[in-house]
Structure formats: C-alpha cells, structure tokens
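Trainee: got a predicted structure plus its sequence, pasted below:
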Amino acid sequence: MKKHLIAITALAATSFFAGMTAQAAEDRIHIVGSSTVYPFASYVAEEFGQTTNFNTPVIESTGSGGGMKLFCAGNGMDTPDITNSSRRIKDKELKLCNENGVEDITEIVIGFDGIAIAQSKTNKAVNFTRKQILLAVAAEVPNKAGTALIANPYKYWNEIDASLPHRPIIFYGPPTSSGTRDAFEDLVMKSLTKKMDVYTNLYKKDEKANKKYKKYKTIRTDGVYVPAGENDNLIVQKLLTNEDAFGIFGYSFLEENSDRVSAATVEGVTPAPAAISSGKYPVSRSLFFYIKNDHLKKVKGMSEYVKLFIDEKMIGDDGNLTEIGLIALPEKNRNEIRARFAKHTKLTLEDLKNK
Amino acid sequence: MNNHTPNKRLKRRYRFEKIFKSSAVLALSLAACFLIFFFYNIISTGYSAFEQAEILADVQYNEATVKNYNKAIDKPLRKVISRGVLRTIPLYMEAHPELMNTTRSEWLTADSEVDQYLKGQPNRLKAKEIQYIVQLQEEGKVRLAFNTNFFTNGDSKMPELAGIKSAVVGSIYVLLVTILVALPIGVMTAIYLEEFAPDNRGTQLIEVNINNLAAIPSILFGLLGLAIFINFFGVPRSSSLVGGLTLALMTLPVIIITTRASLRAVPGSIREAAYGLGASRWQTVSHHVLPLALPGILTGSIIGLAQAMGETAPLLIIGMMAYIPDTPTGFTEVATVLPAQIFTWAGESIRAYEERTAAAIMVLLAVLLSMNSLAVWLRKKFEVRW
C-alpha cells in the first residue's frame, strides 16, 4: 500500500512537471542582456504590449556577458530569443553560440551611448585627455622617464599633470561584470596602451607571460577606483557626498541628473548627443541586440517587436528613445539596419574581424 | 577601616549597575534613532507618490484618433498629458465601438514632469510649458488626485503609469506556492524527527544539516533552484511556480526548526497520559501534541514566510528580477515580486521613480508588519501556559 502511494506521488509529480514544460507556450518574447540597453528595450517592450494585442516581452537585466551566456546556451525554445548588449559580441561568444546550435543570428545596432566622467556640480569645470585618465586609473603606469612600468603612485591630479588641480584622485565606476566597464577599458585604456611602447615592449619580450601588456587594461585596486555596483543612481549619490570624486556612467544618467552633476570634457569635447553620434566625443560606444532567427517564426510577435524597435519613431532623431537618453545613429545606418533585419542577415565570424 | 570596605564595594556595585543600565538604554535609543530615521526618510520621500497630477481634457473619439492617437486631444495638451495614456486609446476604441464620433471631457494622467513640477520636485519642464500649466491651473483643469495607477497598473517605463499590481499579484502567487510546499513538508519532517525518529547517527546528521541550511546565504538557494527546477525539471524560467519552489527550499529549515521547538515545548506528561489511555503514537501526536503545538508552529511559519516574501537574491538567479508589467494569471506565467520591483525602480534613471520606490517600500513594510503582527496575535491568543 505504502509503496503504491509513493509510486503514485512520484508519477503525479513527474507528470506535473512534464505538463509544465509542454505547456510553456511561445506567446511571449524572452529577452536578456545588458543593463545599459535595458531601459531602452523595456521602453519598446511596454509600447509593444500597450499598443498591440501581443503579450509584453519579458526583459531580464543580466549584464552583457551574462546575457550572451544564456543566449548561446542553446537554440531551444526555452532559451532567450533576443539578447541585448552594450558591446559587440566577442569571437569566442559567437563560437560558443555556433557550437551549441545557435547558428543563425542577426546583429542589430540601435544607437550610441556616451560614457560620462562626471563630478558634483559644485566643482569647477575640468578637462582631461584620455592619457591623463589612463594614468589616473591604470594599475601600472610608466615611470617619469617613460622607460619602465611602476605601480601607480599618483594620489593627486596635479602629480599627473601640473596644469590639473591639487585634488585627490578618486573614481566611482562600474564593476567588472558591467559592459560600461568593458567599454571604458576599451576606449580609454586599450586604445592608448596598445600604442605605448612601454607596455607593448614587455609583451614583445615574452608573448605568453606578458599577454596582458599587449593591450593593457588593468584598473588599479588600491582604493582609488571604487567599483560601485551596477546601480548608476548610487554613483550619482556618491558624487554628491564626495565632491572630490569622479563617477563613470552612461549618458542617460548624466542627462537626468544635470541639475546636480556635470561632466568633465574629454579632449575638449563635452558629452552631448551630436558629439557622441559623430564620434567626436572619444568615450562613446554602440549599443546592440542579437536575434535568434530560428525563433522569429515560432515566437508570437517577435518580428513585430524588432520592427517597432528599429522604427523611426523609436530610434530616429526625434524618436522616443532619444528622450530617455539614447543617441541616434546617422540616418544612413538606420536604413541599413532595417534592410539588414528584413533580409535576416546572418552574423559570421568574418564580420567580427573586419570592424 | 573595616566598616568602610563593604560600603565602598556596595557603591562600586551600584556604579556598575548604573553603567550597565545606561549603556543598555543607550543601545536601545540608538536602535530607535535608526528606526525613526529610516521611517522618516522613506515616508517623507514616498508619501507624495500616492498623489498623481491629472489634467481635464476633451478627448475626441473618431477615425483620425484611430489612425494617430495624438489626434485625440488638442496640440498644446499633448506635451503635458502622458503619452502612455494616449497610445492605448485606439485599442480601447476597438473594444468600445459606441465611443466612435463622440467627444468626452475626461481627467487624464499628466506627464511625470508636470507631476513633479506640481509637487515642487526637480523637473525638466520648459518655461513655456510651466506657463501653460499655470494657465490650466487657473482654469481649474489641473488637479492632484489619488494615484490609482499605482495600485491598478503593472510596471511601466513612464513613472506616471508605473504601479505595483503585477508585483503584488506575483508575490501572492509565489507565497501560495511556498506555503503549499513548505508547510506540509516542513511540519511532517519536524513531527517525524521529534516524535518518531530514533536518536542515532543518521538523525543527528540530518539535524545538524537542517540547522546549517537555515544559516546558508539565500543566493545559494537560487542556484539550487536554477539547477533543480529549471534545468532538470524544466519549470518555466521567471514563473511564480519556480520562485515559490525556490523560496520553499529556503523556508523549510526555518519551519522545521520552529516546529520542532514548539513540539518539544509540549510537556511529556501529555504524551504519557495519552499512552496510558491506550492511544497509539500517531493518535497521541495528531490528537494531542500537534494541536497544542499549533500556535508555535503557525508563528514560526508566518515569520519564515515573511522572510521569504522580502527575499530578492535567489529570485535574481531564476530570472524573476525582470521587466514584467503584465499581471500573471497562472502559476506557470512569468511573474515578478514586490521586493524585485523595488530593486528595479531604485535603478531607474528618471528621478520621478524615487518617490515611487519609497512608496513601494512603504507597501512592502506594511505587508510585513501585518504578517508579523498576525504571528504575535496568534501566539497571544492560543498560547497555553503549563
């Protein structure tokens, strides 16, 4: 009797869970990925849910890297349909995707995001070169003669350059899991260090052991750069209480808090939509999302969602997304993106090589 | 000399007592200060979220509106009324064809910038728009009304429309699953361990493990939930079912421990009396011990559930910390919970979310407070003194 009872319960439990899986109908788009793209994607998702009869897509903010991992885990219907990313997909991520059967992916660029180096508005305006920022945040910097690398000794800005104020160097920025951090490292650090002999000579001397010096991007961990979590509001709060500090975050937060924080100019350029879109402001990046083409036919409303996202009324010059901080692509690129989606152009490893 | 010594000692003892007492009082008042500061901070930022600006407008329902929802109201009003309200008009008209070719005067939700302006908060209205609002105010066409959106809507990217409904319903579903799974399993486990199990190496090992589980960081239960329920059993990600099951895992040790404690508090004489009258072990437990221990079990369970209700970390791993504005209608549908909603709002760049975050915290605190008071009340009401 007892045995029967156990067997029946086990059977009931299994069929219950089995029923669950079968029932997971594809009437809702599942999106994961970058916390920088999240505000824009969820804005479009809401518009989509409110103005059509489709369900509102679910959007998880997992960070760019976390999103890619989930997206590339498989091609089944229980994996995400779309992943957002604040940087381009990496070679190894695309390889992982292909290995797991996710072969037909289309890449969509939605616009730009500028990374602001911001401070409390009580401070005087300040201008940095990228090199000055690099010297302030890198773990190892060239010595005064420029012949060898030493642990970063700089504690005050005027030690880096006499023209800068005598002000302690302190940064509140994103943690390693963040796409904003990746972009900051790429645009401010790697872009300079790959051309600086003092770093690259070390790499040439021993390519295996000194791999990190090829494009050096290690941020110092002696308390000068404080990883402040994924929540950019927190960084804004910190800037208000610590007026010496600089914060690193996306343009949309700068715009929304323009009454209390201001951005440092980088190489004389203020982070503003026109300067970011034209590429004049050096610390800016593109925002992406990636689509599983195999899911387009199986998930209700998926192509309608993508079409709405890349429509002029969303990512156009006066689109709704620019109101919440997205910086629009030039018109030519926008049309190119729409054509790309219409043709479901497949992303290949070749595409990633020739940027 | 000799008769001074006890006096001196007495004085010293009194002094120590005074110091001890005053440091205890200090600790208490410090805790009270923190609490007051916390409540003051939350309530003073959050209370204004319960009001929302509305504007009286003539809404035209006609063919042009179906094609372009902006045509529903006059042009200057389009800047100050929430676009989120206007965009739903075409679908609304589809559902209510009798509205076609009518014009109605309606109070519409204002844009969040207008709302923030009326509440004296920082906003990005231009001088011209402020002038227009002042003019509308003089005509009596602007008002701050009770914010029903906050309770009848789900999440939104437009602060004026953002509400907690989907999160509250999600929380209820999740909690239901947790109760249905954790309570029976927890209580039965505790009864077996306390009343039936032999005291040997095996049961001791189980006991140590249960106590240990109660102290494990909750995020680990999220990883466990991901591995077992989502990856192995294929329960849909982000659903209230997987959330409830995961939180049930987390609550189980708490329920087992409190249930065992309250079973142990039932005096042995009651069991012996039952045995003496010829009751079997099961009869003794179900007729006598369990009813007497019930108030304690309920109190412990409610406190365990309140803890589960306020939990976010494990839910992050199983995908419930997401943008989910639709209210769930079943256990397998995607859902979010109240603390997760608070977390996502706290990260929004738009400033108007600040007051809404605080208001959602107030709602969560109110729910937790009532759950805990229920626990105290139950204990007071059914408590038996031996």
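Mentor: Thanks, I have it.
Trainee: could you check the pLDDT of residue B:129?
Mentor: The predicted local distance difference test score for residue B:129 is 88.
Trainee: which residues of chain B lie near chain A?
Mentor: Residues of chain B found near chain A, taking CB under 8 Å from any CB of the partner chain as the criterion, are B:83-84, B:87-88, B:90-91, B:122, B:156-158, B:233-238, B:241, B:319, B:321-326, B:332, B:334, B:344, B:346-351. Using the backbone N, CA and C atoms, a C-beta is placed for each residue, glycine as well.
Trainee: need the longest strand for chain B.
Mentor: Using DSSP state E to assign secondary structure, the strand with the most residues in chain B is strand B:51-61.
Trainee: remind me what it packs against, helices and strands.
Mentor: The contact analysis (3 or more CB pairs under 8 Å, 6 or more residues apart in numbering or on different chains; DSSP states H and E) places strand B:51-61 against helix B:89-95, strand B:102-109, helix B:112-118, strand B:142-146.
Trainee: the helix or strand following that strand packs against which elements?
Mentor: Stepping forward along the backbone from strand B:51-61, the first helix or strand reached (DSSP states H and E) is helix B:63-67. Counting contacts by 3+ CB pairs under 8 Å, 6+ apart, the secondary-structure elements packed against helix B:63-67 are helix B:89-95.
Trainee: packing partners of the helix it packs on?
Mentor: Contact analysis of helix B:89-95 by 3+ CB pairs under 8 Å, 6+ apart lists helix A:38-51, strand B:51-61, helix B:63-67 as its packing neighbours.
Trainee: how far off centre is that helix?
Mentor: 34 Å (CA atoms, centre = their mean, to the nearest Å).
Trainee: stretch A:270-285 now?
Mentor: On the basis of CA atoms, centre = their mean, stretch A:270-285 is displaced by 16 Å from the centre of the chain it belongs to.
Trainee: that stretch near chain B at all?
Mentor: No. Shown here: stretch A:270-285 not in contact with chain B (CB under 8 Å from any CB), separated by at least 14.8 Å.
Trainee: returning to that earlier point: filter the residues of chain B next to chain A to the buried ones?
Mentor: Neighbour counting with 16 or more other CB atoms under 10 Å in any protein chain shown marks B:83-84, B:87, B:90, B:156-158, B:233, B:235-238, B:241, B:319, B:321-326, B:332, B:334, B:344, B:346-351 as buried within those.
Trainee: now, those residues that are in helices?
Mentor: Judged by DSSP state H, the subset of these located in helices is B:83, B:84, B:90, B:241, B:344, B:346.
Trainee: so the fifth one touches residue B:155, yeah?
Mentor: Just to be clear, that refers to residue B:344. Yes. Using CB atoms under 8 Å as the test, residue B:344 is close enough to residue B:155 to be in contact (7.2 Å).
Trainee: walk me through the domains of the chain.
Mentor: I'll assume chain A. A:25-112+A:286-353, A:114-284 (automatic domain parsing).
Trainee: let's do chain B instead
Mentor: Per the record, chain B has its domains at B:61-145, B:165-382, by automatic domain parsing.
Trainee: report how many residues lie close to the residue lying closest to residue B:214 once chain neighbours are set aside.
Mentor: Counting by CB to CB, 6 or more residues apart in numbering or on different chains, residue B:253 is the residue found nearest to residue B:214 once chain neighbours are left out, at 3.8 Å. Under the neighbour criterion other CB atoms under 10 Å in any protein chain shown, residue B:253 is assigned a count of 21.
Trainee: packing partners of the strand or helix carrying residue B:253?
Mentor: Element membership for residue B:253 (DSSP H and E) is helix B:240-264. Taking 3+ CB pairs under 8 Å, 6+ apart as the contact definition, the neighbouring helices and strands of helix B:240-264 are helix B:165-191, helix B:201-214, helix B:218-225, helix B:290-309, helix B:313-317.
Trainee: show the subsequent helix or strand relative to that helix.
Mentor: Using DSSP H and E, the next helix or strand after helix B:240-264 towards the C-terminus is helix B:268-276.
Trainee: just to revisit the earlier point, residues contacting the longest strand of chain B, please?
Mentor: The set of residues that contact strand B:51-61 without belonging to it, under CB atoms under 8 Å, 6 or more residues apart in numbering or on different chains, is B:71-74, B:77, B:80-81, B:89, B:93, B:99-110, B:114-115, B:118-119, B:136, B:140-150, B:160.
Trainee: between strand B:142-146 and that strand, find me the angle.
Mentor: Here strand B:51-61 runs at 120 degrees with respect to strand B:142-146, directions being taken by axes from the mean of the first three to the mean of the last three CA atoms, to 10 degrees.
Trainee: most tightly packed of the helices and strands packed on helix B:89-95?
Mentor: Per-stretch averages of neighbours, counted by mean count of other CB atoms under 10 Å in any protein chain shown, single out helix A:38-51 among those, with a mean of 23.
Trainee: what's residue A:119 sitting at in phi/psi?
Mentor: As for residue A:119, its main-chain torsions (degrees, to the nearest 10) stand at phi -140, psi 170.
Trainee: okay, now it: neighbour count?
Mentor: For residue A:119, the tally of surrounding residues (other CB under 10 Å) stands at 22.
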